[in-house]
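Student: sharing a model prediction with you, sequence too.
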Amino acid sequence: MTIMSLTVNLYYTGINGNAKKFADEMERSGIADAIRAEKGNLRYAYFIPVNDPETVLLIDSWENQDALDTHHVSPMMKQIASLREKYDLHMSVERYVSSGDDDRDNKWIRK
């Protein structure tokens, strides 16, 4: 049986650059690094969409649902919620589960 990872794309949107300020504070404060060090975290990275400078995309990947559930009850979640309030951010979420046959796309990827 293939273990399927999951990825959650979180879009943080604000005004006056607040989404980027949020991401910067997550990095500076060490919260982002602490999340990256959590058991089961595969990726935790922020990006700014070219066509929407008031939004920051967080790509958050985990080995499995149990790892993500453990993260959701960690003390860091209160810190993250506090920062979201501080910067008055609104969120939308997309969730993806790996199919387990990711190698099929390799022929399309230029390395």
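Tutor: The structure has been received and is ready for your questions.

Student: just how off-centre is stretch 11-21 within its chain?
Tutor: Chain-centre distance of stretch 11-21: 15 Å, with C-alpha atoms, centre = their mean, to the nearest Å.

Student: quick check: mean pLDDT of it?
Tutor: Mean pLDDT, stretch 11-21: 98.

Student: got it, and stretch 32-41?
Tutor: The model assigns stretch 32-41 a mean pLDDT of 97.

Student: which stretches in this protein count as helices?
Tutor: 18-29, 31-36, 65-72, 76-86 (DSSP state H).

Student: middle-most residue in this structure, spatially?
Tutor: Centroid-nearest residue in the chain, with C-alpha atoms, centre = their mean: Asp60, separated by 3.0 Å.

Student: what's the neighbour count on the nearest residue to that one once chain neighbours are set aside?
Tutor: The shortest distance from Asp60 to any non-neighbouring residue, by C-beta to C-beta, 6 or more residues apart in numbering, is to Val8 (4.7 Å). The C-beta positions use only the backbone N, C-alpha and C, and glycine is treated the same way. Look at Val8: counted by other C-beta atoms under 10 Å, it has 14 neighbours.
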